[in-house]
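A.B. asks: predicted model and sequence below, questions to follow.
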Amino acid sequence: MTSLVLAFDYGERRIGIATANPLTATATPLTTVLVRNGIPDWVAIDHCIADWAPAELIVGQPPKRDNKKILAAIANFVQELQNRYKLPVNTVDESLTSRAAEAMLAAQRRGGIRKKRTRKGDIDKHAACFIAERWMAKTKQNA
């Protein structure tokens, strides 16, 4: 298995980013970066890559039946990640990760664990955690 991994939940307005440690099988929400006019904030992503020095990058991939525009944007994002950072980039099914993150955060708020209001960026970076966890589970199965 590899060392630290960064997982990305790509969206048309924001990209949620999480760290993942395959040795401990844990994922932690990191940050959210903006996407403006279809262009991710590469400076912010550069900082994440430099700060965390991941061995691999994981990007959530929606089902093929989803909007062709977002599928093309994600394919371009994956290619640009490979070109910029020269790291392995893998994709994993992201079906319902945003909904799972939203439900988890809402339950935490109802239970008093989370005091602050849930923002969309919170959902995105937690969805990236679910993407990382799916990737780790898939990697473990294939080992």
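C.D. replies: Noted; the coordinates are in hand.
A.B. asks: count of neighbours near Leu44?
C.D. replies: Wrong residue type there; residue 44 is Ala, not Leu. Ala44 has 15 neighbours, counted by other C-beta atoms under 10 Å. The way it works is simple: take the backbone N, C-alpha and C, and place the C-beta from them, glycine included.
A.B. asks: ok, longest helix in the protein?
C.D. replies: With secondary structure taken from DSSP state H, the chain has its longest helix at helix 120-142.
A.B. asks: pLDDT of it, averaged?
C.D. replies: Regarding helix 120-142, the rounded mean pLDDT is 80.
A.B. asks: again with stretch 88-95
C.D. replies: Mean per-residue pLDDT for stretch 88-95: 87.
A.B. asks: going forward can the numbers begin at 155, since that is how I track them
C.D. replies: OK, 155 is where the count begins now, so the last one is stretch 242-249.
A.B. asks: what's the longest strand belonging to the chain packed up against?
C.D. replies: Assignment by DSSP state E gives strand 180-190 as the longest strand of the chain. Packed against strand 180-190 by the contact rule (3 or more C-beta pairs under 8 Å, 6 or more residues apart in numbering; DSSP states H and E) you find strand 159-164, strand 168-175, helix 196-206, helix 274-296.
A.B. asks: one step back: only the buried residues of the longest helix of the chain, if you could.
C.D. replies: By neighbour count on 16 or more other C-beta atoms under 10 Å, the buried set for helix 274-296 is 275-290, 293.
A.B. asks: keeping just the C-alphas, turn it into CSV.
C.D. replies: Provided in CSV are the C-alpha atoms of helix 274-296 (Å, rounded to 0.1, in the frame of the first residue of the first chain):
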residue,chain,number,x,y,z
LYS,A,274,-21.7,23.3,1.1
GLY,A,275,-18.0,23.3,1.4
ASP,A,276,-18.3,21.1,4.6
ILE,A,277,-20.3,18.6,2.6
ASP,A,278,-17.7,18.6,-0.3
LYS,A,279,-14.7,17.9,1.9
HIS,A,280,-16.6,15.2,3.8
ALA,A,281,-17.7,13.7,0.5
ALA,A,282,-14.0,13.5,-0.4
CYS,A,283,-13.5,11.4,2.8
PHE,A,284,-16.2,9.0,1.6
ILE,A,285,-14.4,8.8,-1.8
ALA,A,286,-11.1,8.1,0.0
GLU,A,287,-12.8,5.4,2.1
ARG,A,288,-14.3,3.7,-0.9
TRP,A,289,-10.9,3.7,-2.6
MET,A,290,-9.2,2.2,0.4
ALA,A,291,-11.9,-0.5,0.7
LYS,A,292,-11.6,-1.3,-3.0
THR,A,293,-7.7,-1.4,-2.8
LYS,A,294,-8.0,-3.7,0.2
GLN,A,295,-10.3,-6.1,-1.6
ASN,A,296,-7.9,-6.2,-4.6
